[in-house]
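[1] got a structure for you, letters missing:
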């Protein structure tokens, strides 16, 4: 789960595993696997970092550091 801030300043946590896309429209729009959408205040770059950090935490025992570095390069 990652923390995000809705446009009305309400904080919530979302399941990073279910995020399909993140785009700037110019507000940041998260689209989930079920096609639900959520507009948030955080910029795309910040959400990308949070998603990478989430995956590092969850999968650190399963994935090699080389795979995590490749994942970082893709999102940055």
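    It's in. Nothing here was measured: the structure is a model prediction, and the numbers come from that model. Numbering: from 1, shown residues only.
[2] list the contacts of the helix or strand bottoming out on mean pLDDT in the chain.
    When the helices and strands of the chain are scored by mean pLDDT, DSSP states H and E, helix 65-75 comes last with a mean of 74. With contacts defined as C-beta atoms under 8 Å, 6 or more residues apart in numbering, helix 65-75 is touched by 48, 49, 51, 52, 55, 56, 59, 60. C-beta coordinates here come from the backbone N, C-alpha and C atoms, glycine included.
[3] again, only this time at 6 Å
    Here helix 65-75 makes contact (C-beta atoms under 6 Å, 6 or more residues apart in numbering) with 48, 52, 56.
[4] from those residues, which land in helices?
    Those of the contacts of helix 65-75 mapping onto helices are 48, 52, 56, per DSSP state H.
[5] quick check: closest non-adjacent residue to the first one.
    In this structure, residue 48 finds its nearest non-sequential neighbour in residue 75, 4.4 Å apart by C-beta to C-beta, 6 or more residues apart in numbering.
[6] what of residue 7?
    residue 39 (5.3 Å).
[7] separate out the buried members of the ones in helices among the contacts of helix 65-75.
    48, 52 (16 or more other C-beta atoms under 10 Å).
[8] residue contacts, residue 23?
    By C-beta under 6 Å, 6+ apart, the contact list for residue 23 reads residue 29.
[9] bridged to it, which residues?
    residue 29 (DSSP bridges).
[10] contact partners for the nearest residue to residue 35 once chain neighbours are set aside?
    Once flanking residues are discounted, residue 35 sits nearest to residue 20: 8.0 Å by C-beta to C-beta, 6+ apart. Going by C-beta under 6 Å, 6+ apart, residue 20 touches 31, 32, 33.
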